[in-house]
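In: Fold the following.
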Amino acid sequence: MTEKSDLEIAFNTLKKKSTAYSQLWNYYDGQHPLVYSRERLKDVFSRLDARFTENWCAVVVDSVLERILLKQIVVNQNDAATEMLNRLVVDSELLLDANDAHLAMLVTGESYIIAWMDEGDATPTPITMIRVMCILSTIAATRA
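Out: Sure, this is the predicted structure:
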């Protein structure tokens, strides 16, 4: 059996996540299938040319999101690292992306903010990676 390339593994992983994450975002956005508790209700309402739904998914997610307030990053027992990271947060305007990352985490259970610094940049540029755009992988040889 031939070993799959990193690109093939990444593509297959993203493709697999796409279906599940699309369904989760659809529920959050209120685009979900109607489910009836009894077959009789399904029969009665199937003849109506109307759709009655209420979406409480967004209310639940948004109520948690509104309570998340990232003030600072703390590195346990390392004041210098804490100060450096918090300076980076301010300089890179990372908190502007934090709300999108938190929302994606609450809806899908997964979210990333990746910081990238090009040559000549004074500070890294944060990029919020949400939905199905990102996977993380480790190299087996580096695992402890």
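In: Name the nearest residue to residue 97, ignoring sequence neighbours.
Out: What sits nearest to residue 97 in space, not counting adjacent residues and going by CB to CB, 6 or more residues apart in numbering, is residue 128, at 4.2 Å. Just so you know, the C-beta spots here come from the backbone N, C-alpha and C atoms, and that holds for glycine as well.
In: Strands along the chain, start to end?
Out: 112-116, 125-129 (DSSP state E).
In: who's in contact with the residue nearest to residue 97?
Out: 97, 100-101, 104, 111-113 (CB atoms under 8 Å, 6 or more residues apart in numbering).
In: Now rank those by neighbours and give me the top one.
Out: Counting neighbours by other CB atoms under 10 Å, the top entry in the contacts of residue 128 is residue 104, with 22 neighbours.
In: Quick check: pLDDT value at that residue.
Out: Residue 104 is assigned 90 on the pLDDT scale.
In: tell me what the longest helix seen in the chain is packed against?
Out: In the chain, taking DSSP state H as the definition, the longest helix is helix 6-29. If you count contacts as 3 or more CB pairs under 8 Å, 6 or more residues apart in numbering; DSSP states H and E, helix 6-29 packs onto helix 57-65, helix 95-108.
In: what residue ranges in this structure score low on pLDDT?
Out: 1, 37, 50-52, 129-133, 136-144 (pLDDT under 70).
In: hang on, the earlier thing: could you check how far the residue nearest to residue 97 is from residue 38?
Out: From residue 128 across to residue 38, the span is 43 Å (CB to CB, to the nearest Å).
In: returning to what we had before: how much distance is there from the longest helix of the chain to the middle of the chain?
Out: Between the centre of helix 6-29 and the centre of its chain there are 11 Å (CA atoms, centre = their mean, to the nearest Å).
In: Run the angle between it and helix 57-65 for me.
Out: With axes from the mean of the first three to the mean of the last three CA atoms, to 10 degrees applied, the angle from helix 6-29 to helix 57-65 works out at 100 degrees.
In: Good, wrapping up.
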